[in-house]
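Novice: next input, structure requested:
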Amino acid sequence: MQWAAWMLGAVYGLAGLAGWRRARMNAFMDRALAGITLKPVPQVERVVGAWLHLDALLLAAAALGLALSSRWGALTAVLVVIEQGVFCLWAQRFYPARHAADVQSREAVPVVIGFYAALGVLAVGLWWMGVLS
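Specialist: Have a look, this model is predicted:
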């Protein structure tokens, strides 16, 4: 069952890399738009950017913990689910969708959180079975 922890770590690692790329692209676009419009980046956009970076770091930490077969990987996987759920609740209230594409992507949010919740349950299951020490 050690391979399951490694594979789960690989999934979290790929998600962490994709999240880091998204966070960096978001920061780049914010700076570019601020330079074009000569207006500062809005506070809510800065919060979203910081949250994207936090999400990518938590995903990478979960990947490292699971790849090393550490129980901290399972704990971090659960923290990722909690963090993403809190962000989605926050975004519904303070970061409304402005375009049709945003509305469409927000409809997929429960699926993504469910996916990470299932992975978190799998990680906790590996810890409970003694695969993660």
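
Novice: okay, CA-based contacts and neighbour counts for the rest of this
Specialist: OK.

Novice: so Ser69, which of the three states?
Specialist: Three-state call for Ser69 (DSSP: H, G, I helix; E, B strand; the rest coil): coil.

Novice: number of nearby residues for it?
Specialist: Per other Cα atoms under 10 Å, the neighbour tally for Ser69 reads 24.

Novice: how far away is it from Ala63?
Specialist: 10 Å (Cα to Cα, to the nearest Å).

Novice: can you check Val131 too?
Specialist: Shown here: Val131 relative to Ala63, a distance of 15 Å by Cα to Cα.

Novice: looking at the two, which has the bigger crowd around it?
Specialist: Ala63 (28 against 19).

Novice: grab the nearest non-local neighbour of that one.
Specialist: Leaving out its chain neighbours, the residue that sits closest to Ala63 by Cα to Cα, 6 or more residues apart in numbering is Gly9, at 4.1 Å.

Novice: and that neighbour, how far from Val124?
Specialist: 13 Å.

Novice: what does Gln92 give?
Specialist: Counting by Cα to Cα, the gap from Gln92 to Val124 is 29 Å.

Novice: I'd like the next helix or strand past the least confident helix or strand in the chain by mean pLDDT.
Specialist: Taking mean pLDDT, DSSP states H and E as the measure, the chain has helix 100-106 as its least confident helix or strand, at a mean of 75. For helix 100-106, the following helix or strand on the C-terminal side (DSSP states H and E) is helix 109-128.

Novice: so which bits of that next one are buried?
Specialist: Under the neighbour-count criterion of 16 or more other Cα atoms under 10 Å, helix 109-128 has 113, 116-117, 119-124, 126-127 buried.

Novice: can you mark which positions in stretch 31-44 are buried?
Specialist: For stretch 31-44, by 16+ other Cα under 10 Å, it's Val41.

Novice: what does stretch 18-26 give?
Specialist: Here stretch 18-26 shows 19-20, 22-23, 26 as buried, counting by 16+ other Cα under 10 Å.

Novice: report the central residue of this structure.
Specialist: Closest to where the C-alpha atoms of the chain average out (Cα atoms, centre = their mean) is Asp55, at 3.9 Å.
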